[in-house]
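Undergrad: predicted model and sequence follow; I will ask about them next.
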Amino acid sequence: MTAPSWWQPGVEVVNSAGIRGRLEREPDGAWRIQLLASDSYVVNPDPGQWFEEIQFEINPMQVRQVLYEVDRAFLMARGRSGLLEWASVPQRIRVAAAEPRPCPLETDGLAPIRARLIETVRQILAPHIR
């Protein structure tokens with residue numbers, strides 16, 4: 001696979017499992033990724049499996065909105081209807097609730113997967129919260 005145009009030495013990358021690294025070029029021209037959490041390398045990485053690490057900031061209220069909408073989208077995909085969009089959730093609930101949800105976790109058999117989905121999205125966004 002041909003490397004994308006942003007594939008340059010020093011660029012920070014992340015794969016779908018959340019493993020972060022920094023691109024490096026060997027003297028012979030081969031690519032490797034120095035993993036940031038260890039002294040390990042990925043030799044000859046597949047550019048299709050790694051993505052440029054995007055730097056952005058998100059505030060806590062935006063995180064709440066994303067988590068709510070991810071949960072809502074999952075429930076709707078499973079056939080639930082009548083769930084409020086974030087913009088329709090009363091402001092007092094958006095601010096006061098510890099973690100606003102389109103419906104309580106206990107109301108269906110999907111609680112474990114919903115909790116894992118929310119936690120995964122939270123972990124993805126955590127480094128970007130300002």
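TA: Nice, I can see it. Bear in mind that the values here come from a model prediction, so they are computed numbers and not experimental data. Residues are numbered from 1 along each chain as shown.

Undergrad: worst-scoring helix or strand of this protein, pLDDT-wise?
TA: Evaluated with mean pLDDT, DSSP states H and E, the helix-and-strand set of the chain has its lowest mean pLDDT in helix 91-96, which scores a mean of 91.

Undergrad: tell me which residues are up against that one.
TA: Contacting residues not belonging to helix 91-96 are listed as 61, 64, 65, 86, 100 [CB atoms under 8 Å, 6 or more residues apart in numbering]. C-beta coordinates here come from the backbone N, C-alpha and C atoms, glycine included.

Undergrad: which residue sits farthest out from the middle of the chain?
TA: For the chain, the largest distance from the centre (CA atoms, centre = their mean) belongs to residue 28, which lies 34.4 Å off.

Undergrad: check what pLDDT it gets.
TA: For residue 28, the pLDDT comes out at 94.

Undergrad: distance of it from residue 15?
TA: Applying CB to CB, to the nearest Å, the value for residue 28 to residue 15 is 24 Å.

Undergrad: now swap in residue 122 and tell me
TA: 19 Å.

Undergrad: and if you look at residue 9?
TA: Remark: distance between residue 9 and residue 15 (CB to CB) = 18 Å.

Undergrad: compare those two (neighbour count), which wins?
TA: Neighbour totals were compared for residue 9 and residue 15, and residue 15 leads with 15 against 9 (other CB atoms under 10 Å).
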